[in-house]
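Visitor: Take this sequence and fold it.
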Amino acid sequence: MPTWDSAQYLRFENERTRPSMDLAARVPLACVRDAVDLGCGPGNSTEVIAKRWPEARLTGVDSSPVMLEVARKVHPDWAWIEADLQQWQPEKMVDLLFSSAAFQWVSGHEIIFPRLMKCLSPGGVLAVQMPAAKAEPALALIPSMAGEDAWKARLEDVKTWHQPYTQEDYYRMLSPLASRIELWETTYIHVMDSHEALLDWVKGTAMRPYLDRLTAPESVEFEKSFLQRLPAHYAPQPDGRILFPFRRLFLVAMR
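Guide: Purely as a prediction, here's the structure:
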């Protein structure tokens, strides 16, 4: 897992939180007693759960102590757990297991997701959202650059986030345990003020594992090279802004 910078991540808090809101809106539960936010980050997605189900007992789970430190400062009354999502499971049955933009960093969904379904109370819900945008030029550029001679020795074996399995794969792995499954994709068109803003976006997520490997001067050069390549893929609009499409996969499975 990469190291995280909560301030960098939250520069686009509204854009990063909107998918959590859309996911929560599709969860068919009127009442939730216990909810767990898997990959809670700094707690912005946990706040979405709290607004949707204000009576719920909330727990946030994340592997980043930096992110959890921010979450604890803002909401000290909620439970926060530092743990690896690949291994973690609740100590008791819960009504809602919620995850927004976290499981793309974790492999083995065919094992993890059925295990999580078995941790739900009868009628409970597993609700997950993950980026499905690895082919988007701004995201594909990063591993492509990492394979070039200038960076290959340092970056070719970086472990980055995974493209989600197919919709059919998720249906097959969850349908034996679910009474109801919804699957859909949404492409969000983010309006960025500039190419520099798009660089700031990827520095908060997809570029993090690569920057972790580089020295400060090397990071500056990598970011500069990335920025120089963006105009070939993202032409400015008449007002100077650029459009950044970002596709996400959603699933809601009820036990």
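Visitor: I'd like the distance between the closest residue to Ala102 other than its chain neighbours and Lys224.
Guide: Leaving out its chain neighbours, the residue that sits closest to Ala102 by Cβ to Cβ, 6 or more residues apart in numbering is Gly39, at 2.1 Å. All C-beta atoms are positioned from the backbone trio N, CA, C, and that covers glycine. Counting by Cβ to Cβ, to the nearest Å, the gap from Gly39 to Lys224 is 31 Å.
Visitor: next one: Leu116
Guide: Between Leu116 and Lys224 the computed distance is 41 Å (Cβ to Cβ).
Visitor: got it, and Leu211?
Guide: Taking Cβ to Cβ, one finds Leu211 at 13 Å from Lys224.
Visitor: Among those two, which residue is more densely surrounded?
Guide: Leu211 (22 against 10; other Cβ atoms under 10 Å).
Visitor: What residues does the more buried one make contact with?
Guide: 203, 219, 222 (Cβ atoms under 8 Å, 6 or more residues apart in numbering).
Visitor: Distance to Tyr234 and neighbour count added to those residues, as CSV?
Guide: Formatted as CSV, the contacts of Leu211 follow (distance: Cβ to Cβ, whole Å; neighbours: other Cβ atoms under 10 Å):
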residue, distance to Tyr234, neighbour count
Lys203, 16, 19
Ser219, 22, 16
Phe222, 18, 22
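Visitor: Identify those among those residues that sit within helices.
Guide: 203, 219, 222 (DSSP state H).
Visitor: Take these and lay them out in JSON lines including pLDDT.
Guide: Conversion of the ones in helices among the contacts of Leu211 to JSON lines gives the following (pLDDT from 0 to 100):
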{"residue": "Lys203", "pLDDT": "90"}
{"residue": "Ser219", "pLDDT": "94"}
{"residue": "Phe222", "pLDDT": "95"}
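Visitor: Any buried residues in the helix or strand containing Ile189, and which?
Guide: Using DSSP states H and E, Ile189 sits within strand 180-192. Using 16 or more other Cβ atoms under 10 Å as the burial criterion, the residues of strand 180-192 that qualify are 181, 190, 192.
Visitor: any idea of the mean pLDDT in that strand?
Guide: Average pLDDT, strand 180-192: 96.
Visitor: could I get it in PDB with only the CA atoms?
Guide: What follows is strand 180-192, C-alpha atoms only, in PDB (Å, rounded to 0.1, in the frame of the first residue of the first chain):
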ATOM      1  CA  ARG A 180     -30.400  -9.300  -4.300                       C
ATOM      2  CA  ILE A 181     -27.500  -7.800  -6.300                       C
ATOM      3  CA  GLU A 182     -27.200  -4.500  -8.100                       C
ATOM      4  CA  LEU A 183     -24.200  -3.700 -10.400                       C
ATOM      5  CA  TRP A 184     -23.600  -0.500 -12.400                       C
ATOM      6  CA  GLU A 185     -21.000   1.800 -13.700                       C
ATOM      7  CA  THR A 186     -20.900   5.600 -13.700                       C
ATOM      8  CA  THR A 187     -18.500   7.900 -15.500                       C
ATOM      9  CA  TYR A 188     -18.000  11.200 -13.600                       C
ATOM     10  CA  ILE A 189     -16.800  14.100 -15.700                       C
ATOM     11  CA  HIS A 190     -14.600  16.200 -13.400                       C
ATOM     12  CA  VAL A 191     -14.100  19.800 -14.500                       C
ATOM     13  CA  MET A 192     -10.500  20.600 -13.700                       C
END
